[in-house]
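Undergrad: mind folding the following:
(2 chains)
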Amino acid sequence: MREQLLKSFVDMDEQEAVRIARELVDTDGGAVAVLDTCKEAMEEVGRLFEAGEYFLSELIAAGDMFNQIMEFTLPKLQGDEVTSIGTMVLGTVQGDVHNIGKDIFKVMAEASGINVIDIGIDVPHEKFVEAIKEHKPELVGMCCLITLGVDSMKRTIEVIREAGLRDDIKIIIGGGRVSQAVMEHVGADAWADDAARGVRLSKELLGKE
Amino acid sequence: MISHEMKKVAEERAARYKAAVELKEPDRVPFMGLGGDVVAAYAGITSYEFCFDYEKSYQATLKYLREFPSDQPLMPMTSLANTVAALAFVDYPDITPLVSNIDGPTNDILGVKYFRFPGRELGENSSPQFIGKDFMQPEEYDELIADPVKFCYEKIVPRTITGLQDLQSANALAAMARLGIEKTRQGAAMQKFLLELQKLGYPLSGTSMFLTPLDFIGDFLRDIPNLIKDLRRYPDKVKAAAEALLEPLLKLALAGKKTGVEMSFIPLHFNEYLSPVLYNEFYWPTLKAGILGMLEEGMRSRVFFEGRHDPHLETILELPAGWGIAFFEKTDVRKAKKLLQGHTCIMGGLDPGMVIGSTPAKLDEHIKELLGDMMPGGGFILSLGVNNLPRETPIENIAAVYEAVEKYGKY
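TA: This is a model prediction of the structure:
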């Protein structure tokens, strides 16, 4: 059944994937099996995206499927059955109210085992600092869609540095208009203009791949 | 008074642009100029003032254009398109300009739920932004298909414009009347601005916008993530809706013809979300029909291909040569040139991230190489992939781009 779930998930057969997951989740050890299989499927979808075989529409559809299945799977898992490879504070930077990119990244990052603390959109610089102090993440993810976000990312990183927290974390920036030049300009550690690359690099920053 | 000399400059600039569109080599590569929030910052005003104070906004733009002249005038980026309202009033072409472009003062009157403005919902130095939501539910596709204009007017306009939520109310009538008064005030300021542009030697041409049916549904009705689900759950309904929307959306774009518009602008958004299979099945048919429909009426198109359009490039060859301009954001323009040379004028090539984060020396080198590759044979217009530089963009980097165009841009 796990193989069928994996196949229908990766093939974007939403109805079939949800149906199998519902069936599997109630079997002995099924919830863990569903979680692991869906994580594996999301990783495969990300790989297909980076290989140019899948596109944003598939990433979004896969994220939606993952969320649907997790809704009835997570309540059936014991606390110690959900493991994390690290924590990330994630937000769209001040001045920018877009969330589509952030939300695609978030679900893919969660599926890869990262514990994501989503602090929202149009996030003031100080709120990033407070969230870092509170959650002590290894990673901070900053998103923007519009070019204005570049100024805002630069300022946010400066404020984090002034608070003496920069050396404790790795920072990845993401969004349609970020690039190597933008990363160097704002002083981040990695950049991604798509969610699959973002998750791959986040795992690298965590020393997990 | 516009001097004879400046009239001549305007003619030269227009000819340069036209030659590129017609796939010829002009005297110098046409250059769109670098604009955005930096224009307001350069004049020392906030983005809030830029969006709400016509006089300050126009003066800021003129100041920037005097310092950094380009081949097309930069227009202040202070308004957002409300194509739902425009479509609702498509049978009243004298009214559509009132509702189709909303800036700060007119948004204060209407309260459009798609929009966020600096100094209102956003900090005073933010850019105006568009945020979609599912203002239409999937079970309403049939109603949309049956009569898109009626559906937009009766259902979507009241849901998305606070001032018009009850179309029968005195409040709605008052909002429309106030809108008319405000647009008259804005029009007077705009006339003065356009005269000043002409004095600076800029050719003027009206604008008209065509939105593809799928972008219309994705941006204004369903929101993008929901539309992606709809493609799988209700494919026939999405297709039928796209076909039903084509005619009124074309009518809206063609209304500009009467005022002398020669080229329509088609900003694509949903293109970069789609695999070639989905693009060819759902998106391209009505985009192609739109471009051809306008061409039949003598209007070329400038299509902004947002994101990476590389997987869909070949479809452009289905259009007749010289159909218009392919304006690329992150698509590899060199690769596009190989495919489209002699068929389609290419616009773009400059990554805003580089202008923001690089150095004058690196930019000089970058533009030298870019123009060296892109200029031969003509049909190329240099532009930012997205013409919106943030406020803190280093001015020396901007200056370096303009200098490099003069240095390396001559044929």
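Undergrad: start to end distance for stretch A:158-167?
TA: With CA to CA, to the nearest Å as the measure, the ends of stretch A:158-167 fall 12 Å from one another.
Undergrad: now it: average pLDDT?
TA: The average pLDDT within stretch A:158-167 is 97.
Undergrad: which positions in chain A make contact with chain B?
TA: A:12, A:14, A:52, A:54-58, A:60-61, A:64, A:94-98, A:100, A:103, A:122, A:146-151, A:154, A:176-186, A:193 (CB under 8 Å from any CB of the partner chain). Every residue, glycine included, has its C-beta placed from N, CA and C.
Undergrad: among these, which are in helices?
TA: Judged by DSSP state H, those include A:14, A:56-58, A:60-61, A:64, A:100, A:103, A:148-151, A:154, A:180-186 as members of helices.
Undergrad: narrow the residues you listed to those that are buried.
TA: Neighbour-count burial (16 or more other CB atoms under 10 Å in any protein chain shown) is assigned, among these, to A:14, A:56-58, A:60-61, A:64, A:100, A:103, A:148-151, A:154, A:181-183, A:185-186.
Undergrad: can you give me the strands in the chain?
TA: Answering for chain A, as no chain was given. Taking DSSP state E, the strands of chain A run over residues A:86-92, A:114-118, A:139-143, A:170-174, A:190-192.
Undergrad: meant chain B actually
TA: Going by DSSP E, chain B shows strands at B:80-81, B:101-102, B:115-116, B:129-130, B:208-209, B:263-267, B:300-305, B:324-328, B:345-350, B:380-384.
Undergrad: using a markdown table, lay out these together with mean pLDDT, distance to residue A:3 and mean neighbour count.
TA: Below are those laid out as a markdown table (pLDDT from 0 to 100; distance: least, CB to CB, whole Å; neighbours: other CB atoms under 10 Å in any protein chain shown):
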| stretch | mean pLDDT | distance to residue A:3 | mean neighbour count |
| --- | --- | --- | --- |
| strand B:80-81 | 96 | 48 | 20 |
| strand B:101-102 | 94 | 53 | 23 |
| strand B:115-116 | 96 | 46 | 21 |
| strand B:129-130 | 95 | 43 | 18 |
| strand B:208-209 | 94 | 49 | 20 |
| strand B:263-267 | 96 | 44 | 21 |
| strand B:300-305 | 97 | 39 | 22 |
| strand B:324-328 | 98 | 42 | 25 |
| strand B:345-350 | 97 | 45 | 25 |
| strand B:380-384 | 97 | 48 | 25 |
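Undergrad: and the residue of chain A at minimum distance from chain B, what is it in contact with?
TA: At 3.0 Å from chain B, residue A:185 is the closest residue in chain A, using CB to the nearest CB. Listed by CB atoms under 8 Å, 6 or more residues apart in numbering or on different chains, the contact set of residue A:185 reads A:150, A:154, B:353, B:356-357.
Undergrad: closest to residue B:406 out of the residues you listed?
TA: Closest approach between those and residue B:406, by CB to CB: residue B:356, at 21.5 Å.
Undergrad: how close does the closest one sit to chain A?
TA: Distance, residue B:356 to chain A, using CB to the nearest CB, to the nearest Å: 5 Å.
Undergrad: I'd say that residue and residue B:386 touch.
TA: No - in this structure residue B:356 lies outside contact range of residue B:386 using CB atoms under 8 Å: 11.4 Å.
Undergrad: more crowded one of those two?
TA: Taking neighbours as other CB atoms under 10 Å in any protein chain shown, residue B:356 and residue B:386 compare with residue B:356 leading, 25 against 21.
Undergrad: how near is the more buried one to residue B:88?
TA: Residue B:356 is 38 Å from residue B:88, where distance means CB to CB, to the nearest Å.
Undergrad: list the buried residues for the helix ranked longest in chain B?
TA: Ranked by residue count and defined by DSSP H, the top helix of chain B is helix B:170-199. Buried residues in helix B:170-199, defined by neighbour count with 16+ other CB under 10 Å: B:172, B:175-176, B:178-179, B:182-183, B:186, B:193, B:196-198.
Undergrad: export these to TSV and tack on distance to residue A:22 and pLDDT?
TA: Below are the buried residues of helix B:170-199 laid out as TSV (distance: CB to CB, whole Å; pLDDT from 0 to 100):
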residue	distance to residue A:22	pLDDT
B:172	48	97
B:175	49	97
B:176	51	97
B:178	54	97
B:179	52	97
B:182	55	97
B:183	55	96
B:186	57	95
B:193	61	96
B:196	66	96
B:197	63	96
B:198	67	96
